[in-house]
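Chemist: predicted model, plus sequence, below.
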Amino acid sequence: MRAVASPDLLTDAHQVLQRVFGYDSFRGSQQEIVEQVIGGGDALVLMPTGGGKSLCYQIPALVRPGVGVVVSPLIALMQDQVDALNELGVKAGFLNSTQTYEQRRRTEQAFASGELDLLYLAPERLNLDSTLELLGRGEVSLFAIDEAHCVAQWGHDFRPDYLNLSVLHERWPEVPRIALTATATPATRQEIATRLELTEARHFVSDFDRPNIQYRIVPKNDPRKQLLQFLRSEHAGDAGIVYRLSRAEVERTAEFLVANGIEALPYHAGLDKEVRARHQARFLREEGLVMVATIAFGMGIDKPDVRFVAHLDLPKSVEGYYQETGRAGRDGLPSTAWMAYGLQDVVQQRKLIDLSDGGEAHRRTLSRHLDSMLALCETVSCRRTQLLAYFGQDTPVTCQNCDTCLSPPESWDGTVAAQKLLSTVVRLDRERNQRFGAGQVIDILRGKKTPKIEQFRHDSLSVFGVGADLSDNEWRSVIRQLLAQRLLSVEGDYGTLVLTESSGEVLRREDPRQVLLRTEPKRVASAPKAKTAKAGAQEMPAEAEPVFQKLRAWRLATAREEGKAPFIIFH
Ligand code: ADP
Ligand code: MG
């Protein structure tokens, strides 16, 4: 519902913007949002990281009578935020578990006596009756719920305490509420509105495009070396963040960078609180530091000149990827979001999903998130377009600032390759009752001459060596892409390859449909001609013919036994 603020208050808002914060004008939809909240209405604000969400509640809190109460999960940053506001002459305080009793008592007194403009609260404070009593003793001008996506149950930052925030509305129905987040899929937005009971709120959805960020995703082979090369060639002396999945990899990667002359610091939840605080402070204050971190690092970090964000492991979701890469280039200057990912990432993520508790529905959600992330990695079209489409935003078809736009990957008809690979997986499973990970399947396809693999030749496995036309790397790329297209899946600790419901479609086609695969740009020039779609890639290599005749016969026989339509391998 639209709220109307009096002209006087709007003048006040402009004056606060200029006199207190020292800015000439509002940015984007800030003004509209400020007007809505000053007028007493609720707001749900979706604005990318660095968009300027804080002012949307800070200014109304200064203009409206009473204290603005800000709920934020960023406990580690509260002191900094409050110090910064105090420096501007804004009377702000905070309450969280890091304080002494005495510090809390002083803040509580300041609140109750109306001395504060803003009070920052850790969400768990609202579970305490004493906090609700305290709020009852003063006048509240508004409730701001920052990082509101933390209420989304299956989101990547879920905080159970956020589920209790609807109590605010029940106790203080007349106080306007503003929920803010940089996470904006339509589903998350709906969940925020529902869980916080923001039924009447106006929604303010900003443009999520970050045109100054260049998105690039490369196949991973030797991640630390690839990172070093990337840093040396493009970001020497720049500040940036390197994300890793595990604490151990954070440590190793930071040590590796330091050993190679790059100033890097580790950050993960396993480090002492003081160490983390020190590293964070150094990253914010010094120039040109590289922070190697798990995703424990970054939310709420306002460092404008982060020139790159590098991922050496696959993020769990597109939302996570967007949030993390969004920490680059908040000053609007050119920045890079660079990621190296490989098959092992998929195996690892699947394993984590299998192990996660939370039930089948939860695992399905995580699995869907992973699939979207893989689709983004393997896309042959503009990454930005795909990224923004995920957030429900239409954009031009090409951005000219992502790797797929700048050097378009060639695509080739991978149907034959897909069929060879899937047939191998089927044959190993059905005929030999054996399941293998990608490495061994590739070795069998390529007919490697290692004792372990040669056994399959002696054993007359008919698919042995039918994939000798592609290199190891090319087969890995094929497998990654089949995983991304859900034509193949991985299972278990060793990432054994297994078929999916859709695999059969590829195997079964008499008239093979195109399985369009990307050729990594740097290999385009050297790629054999027969691999481009135009050059008739559907032709079966001559040496494979007898093999597939046999395979077809076997398929027909099996299918007859099972009373099913046969898979026809090749036409
Ligand atoms: P968010 O919470 O959306 O990530 P912040 O509120 O931390 O973003 O703001 C990001 C940066 O933008 C801050 O340095 C802030 O001072 C600056 N900023 C916000 N609004 C304006 C404005 N209207 N004019 C200039 N700078 C602004
Ligand atoms: Mg913020």
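Modeler: Yep, that arrived. Ligands and ions are numbered 1, 2, ... in the order given.

Chemist: for Ala184, give me its contacts.
Modeler: In this structure, Ala184 makes contact with 46, 205, 208, 391-392, judged by CB atoms under 8 Å, 6 or more residues apart in numbering. Where you see a C-beta, it was placed from the backbone N, CA and C, and this is true even at glycine.

Chemist: report the buried members of these.
Modeler: The neighbour-count criterion (16 or more other CB atoms under 10 Å) marks 46, 205, 208, 391 among the contacts of Ala184 as buried.

Chemist: JSON lines for these, including distance to ligand 1?
Modeler: Supplementary listing: the buried ones among the contacts of Ala184 in JSON lines, determined by distance: CB to the nearest ligand atom, whole Å:
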{"residue": "Leu46", "distance to ligand 1": "10"}
{"residue": "Val205", "distance to ligand 1": "13"}
{"residue": "Phe208", "distance to ligand 1": "12"}
{"residue": "Phe391", "distance to ligand 1": "15"}
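
Chemist: show me those residues that map onto strands.
Modeler: Using DSSP state E, 46, 205 are the members of the buried ones among the contacts of Ala184 that sit in strands.

Chemist: make CSV out of the buried ones among the contacts of Ala184 and add distance to Val37 and pLDDT.
Modeler: Converted to CSV, these look like this (distance: CB to CB, whole Å; pLDDT from 0 to 100):
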residue, distance to Val37, pLDDT
Leu46, 15, 94
Val205, 16, 91
Phe208, 22, 89
Phe391, 24, 82
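
Chemist: for Arg216, which non-adjacent residue is spatially closest?
Modeler: Asp403 (4.2 Å; CB to CB, 6 or more residues apart in numbering).

Chemist: verify the stated contact: that neighbour with Tyr215.
Modeler: Yes. If you go by CB atoms under 8 Å, Asp403 and Tyr215 touch, sitting 6.9 Å apart.

Chemist: where do the contact lists of those two overlap?
Modeler: Shared contacts of Asp403 and Tyr215 (CB under 8 Å, 6+ apart): Arg383.

Chemist: what about the two, which has more around it?
Modeler: Applying other CB atoms under 10 Å to Asp403 and Tyr215 shows that Tyr215 carries more neighbours, namely 23 against 18.

Chemist: hmm, back to that, give the contact list for the residue nearest to Arg216.
Modeler: Taking CB under 8 Å, 6+ apart, we find Asp403 in contact with 214-218, 383, 521.

Chemist: mind checking how far Phe436 is from ligand 1?
Modeler: From Phe436 over to ligand 1 the distance is 46 Å, taken as CB to the nearest ligand atom, to the nearest Å.

Chemist: what count of nearby residues applies to the closest residue to Ser317 other than its chain neighbours?
Modeler: If the residues on either side of it in the chain are set aside, Ser317 comes closest to His369, at 3.6 Å by CB to CB, 6+ apart. Applying other CB under 10 Å, we find 21 other residues in the vicinity of His369.

Chemist: now do the contacts for His369.
Modeler: Contacts were defined as CB under 8 Å, 6+ apart; by that measure His369 touches 316-319.

Chemist: for the contacts of Asp403, which one is nearest ligand 1?
Modeler: Top of the list for closeness to ligand 1, among those and by CB to the nearest ligand atom, is Tyr215 at 19.3 Å.

Chemist: residues from the protein in reach of ligand 1?
Modeler: Contact residues of the chain with respect to ligand 1, defined by CB under 6 Å from any ligand atom, are listed as 23, 26-27, 30, 47, 49-55, 302.

Chemist: ok, now with 8 Å
Modeler: Taking CB under 8 Å from any ligand atom as the criterion, the chain approaches ligand 1 at residues 17, 21, 23-27, 30, 47-56, 146, 180, 182, 300, 302, 304, 330.

Chemist: which ones among these lie within strands?
Modeler: Counting by DSSP E, the part of these found in strands is Leu180.

Chemist: among the residues of the chain next to ligand 1, the buried ones, what's the PyMOL command?
Modeler: Buried members of the residues of the chain next to ligand 1 can be picked out in PyMOL with the line below, counting by 16+ other CB under 10 Å:
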select buried, resi 17+26+30+47+48+49+50+51+52+53+54+55+56+146+180+182+300+330
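
Chemist: ok, now how distant is Leu289 from Asn96?
Modeler: Plainly put, Leu289 is 27 Å away from Asn96 if you go by CB to CB, to the nearest Å.

Chemist: where along the stretch 151-300 of the chain do the helices fall?
Modeler: Taking DSSP state H, counting those that start in this stretch, the helices of the stretch 151-300 of the chain run over residues 166-171, 186-195, 223-234, 247-259, 273-285.

Chemist: what does the fourth one contact?
Modeler: Outside helix 247-259, the residues that touch it by CB under 8 Å, 6+ apart are 224, 227-228, 231, 242, 244, 263-270, 290, 292-294, 312-313.

Chemist: pLDDT-wise, what's the bottom of the contacts of His369?
Modeler: Summarising pLDDT for the contacts of His369: the lowest-scoring member is Glu319, with 87.

Chemist: now that residue, what's its secondary structure?
Modeler: State at Glu319, reduced to three classes by DSSP: H, G, I helix; E, B strand; the rest coil: helix.

Chemist: what is the burial count for it?
Modeler: Burial of Glu319 is recorded as 25 neighbouring residues (other CB under 10 Å).

Chemist: for the closest residue to it other than its chain neighbours, which residues are in contact?
Modeler: For Glu319, ignoring the flanking residues on the chain, the nearest one in space by CB to CB, 6+ apart is Thr183 at 5.4 Å. For Thr183, the contacting residues are 46, 149, 152, 155, 157, 319, 322-323, by CB under 8 Å, 6+ apart.

Chemist: nice, that's everything, thank you.
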